[in-house]
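*Asks:* Quick one, fold the following:
(one chain, ligands or ions: 1)
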Amino acid sequence: MLSGRRVVLGVSGSIAAYKAADLARRLVRAGAEVTAVLTENACRFITPLTLRTLTQRPVVTEFFSDPQSPVPHISLAQWADLICLAPATADLIARAAQGRADDLLAALILDTRAPVLWAPAMNTRMWENSLTQENVQKLTSLGHHWVHPASGDLACGETGKGRLAEAEDIVQAASDVLSPPGPWSGQAVLITAGPTREPWDAIRYLSNRSSGKMGFALAAAAAARGARVTLVSGPVDLAPPPGVRLVSITTAREMHAAVLSEFPDAQVIIAAAAVADFRPAHYRDGKMKKQEAPPTLELVPNPDILLELGKKKEGRILVGFAAEDQELVSGGRAKREKKNLDLIVANRANGADSAFGAEAAAVTLIDAQDRVEEIPRQPKEQLAGIILDRVEKLFKT
Ligand code: CTP
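*Replies:* Numbering: from 1, shown residues only. Here you go, the predicted model:
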């Protein structure tokens, strides 16, 4: 149920730290790749060797422990699909709530864009203390998730709330956070984004103004709904959304190859990329001198990726974009039919309301029943949610 998901298991210094071994084992058994990060105090309760053996991956204990990765909090923060803190002490919760970065684990929590799941363990009075509860509220308001401690015998000899939740409940919570139950849960979604670059010589290329924002917003929204998202993107200046597998390409032909290899497994395909329709016919290694440059640049067509997918889509849902500078509806309609799409998102390629490179866009949706829906200009993150809502209606019941 966590197949292929990358989980950072953050362990802090509680007597319950020994239970992290069982939790790591169960996460691995559920299919997750687990990297354990131990605070200095956690290392007093459980050895890094134990967790390294169970996870079959290096264990990270301090900022500068790995010469290959001088900033492990940054690389791990980007690597993780989920940060699971179990057991989490009152101190770690307090430091995270304050935005501290005084050890590797706190820095990782501050830096990550992945969902964060807390499984606290501490003495009842520490858990019930209004300071701890305020910290929990603060983190909750930032979108953090919790597996609340259970009641029972505590290591301090008392009985009450504060025991680390059962490992199987933590694994279930991790799975629910990554794949919230619902129609998108576990769906394989393939999204293309950004421009392509078509090189002419070693330093020059043809491209377009696409920023990749629409495709990345769609990928983030689909992942947040629990889909397994693969994002094939041209060169853009955006970080991959948490939980999304990014395949970076440069040219249209590379995008074509990457998309075709991902296509068989995909159930929903959304082509938001602005693929260059042509590439220079001849590529010249090195830098072409001014006097060598031909007076005209000869171009040859690139493969039309979406057209090809439309021919073999079978039961898949195929969504395309249409960049038009004149007739939005008729241009979009023609492309939807030609490429055999279930839905097309038509938008303006130029002018004041151009979607290219912009933070917001207005779009026109056209479906296979030729229904036309105008969506007013709004941020691409919101637009992504509306497009996914329409795609969801196409799911077979
Ligand atoms: N597309 C593609 N491969 C291409 C060109 C476009 O997969 N070589 C996809 C785009 O990702 C988009 C849709 O096809 O989802 C339409 O792209 P667009 O550029 O609007 O249309 P074109 O088919 O290129 O037609 P034209 O440039 O003549 O408007």
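
*Asks:* what residues are up against whichever residue of the stretch 51-200 of the chain sits closest to the ligand?
*Replies:* Scanning the stretch 51-200 of the chain for the residue nearest the ligand gives residue 192, at 5.7 Å (criterion: C-beta to the nearest ligand atom). C-beta here means a position set from N, CA and C on the backbone, and glycine is covered the same way. The neighbourhood of residue 192, defined by C-beta atoms under 8 Å, 6 or more residues apart in numbering, consists of 215, 231-233, 255, 259, 270-273, 275, 305.

*Asks:* please redo it, this time with the cut-off set to 10 Å
*Replies:* 212, 215, 218-219, 230-234, 247, 249, 255, 258-259, 262, 269-275, 305-306, 320-321 (C-beta atoms under 10 Å, 6 or more residues apart in numbering).

*Asks:* What pLDDT is listed against the nearest residue to residue 203 once chain neighbours are set aside?
*Replies:* Among residues not flanking residue 203 along the chain, residue 287 sits closest, at 5.5 Å (C-beta to C-beta, 6 or more residues apart in numbering). Looking at residue 287, its pLDDT is 91.

*Asks:* and the ligand, which of the contacts of residue 192 reach it?
*Replies:* Among the contacts of residue 192, proximity to the ligand is found for 271, 273, 275, 305-306, 320-321 (C-beta under 6 Å from any ligand atom).

*Asks:* Mind picking the two most distant members of those residues?
*Replies:* 305 and 321 (12.1 Å; C-beta to C-beta).

*Asks:* any shared contact partners between these two?
*Replies:* With C-beta under 10 Å, 6+ apart, residue 305 and residue 321 have common neighbours 192, 271, 273.

*Asks:* chain center to stretch 301-320: distance?
*Replies:* Computed by C-alpha atoms, centre = their mean, to the nearest Å, the chain-centroid distance of stretch 301-320 equals 24 Å.

*Asks:* Output stretch 291-305 in PDB, but only the C-alpha positions, please.
*Replies:* Provided in PDB are the C-alpha atoms of stretch 291-305 (Å, rounded to 0.1, in the frame of the first residue of the first chain):
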ATOM      1  CA  GLN A 291      29.900  33.200 -41.300                       C
ATOM      2  CA  GLU A 292      29.100  29.500 -41.200                       C
ATOM      3  CA  ALA A 293      25.400  30.100 -40.300                       C
ATOM      4  CA  PRO A 294      23.000  29.400 -43.200                       C
ATOM      5  CA  PRO A 295      20.800  32.300 -44.200                       C
ATOM      6  CA  THR A 296      17.700  30.300 -43.500                       C
ATOM      7  CA  LEU A 297      17.100  27.800 -40.800                       C
ATOM      8  CA  GLU A 298      15.700  24.500 -42.200                       C
ATOM      9  CA  LEU A 299      13.200  22.900 -39.900                       C
ATOM     10  CA  VAL A 300      11.700  19.400 -39.800                       C
ATOM     11  CA  PRO A 301       8.500  18.300 -37.900                       C
ATOM     12  CA  ASN A 302       8.700  16.700 -34.500                       C
ATOM     13  CA  PRO A 303       6.400  13.800 -33.600                       C
ATOM     14  CA  ASP A 304       2.900  14.900 -32.400                       C
ATOM     15  CA  ILE A 305       3.000  13.000 -29.100                       C
END
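
*Asks:* Name the residues of it that come out as buried.
*Replies:* 302-303, 305 (16 or more other C-beta atoms under 10 Å).

*Asks:* Which of the residues you listed sits closest to the ligand?
*Replies:* Nearest to the ligand among the buried residues of stretch 291-305 is residue 305, at 3.4 Å by C-beta to the nearest ligand atom.
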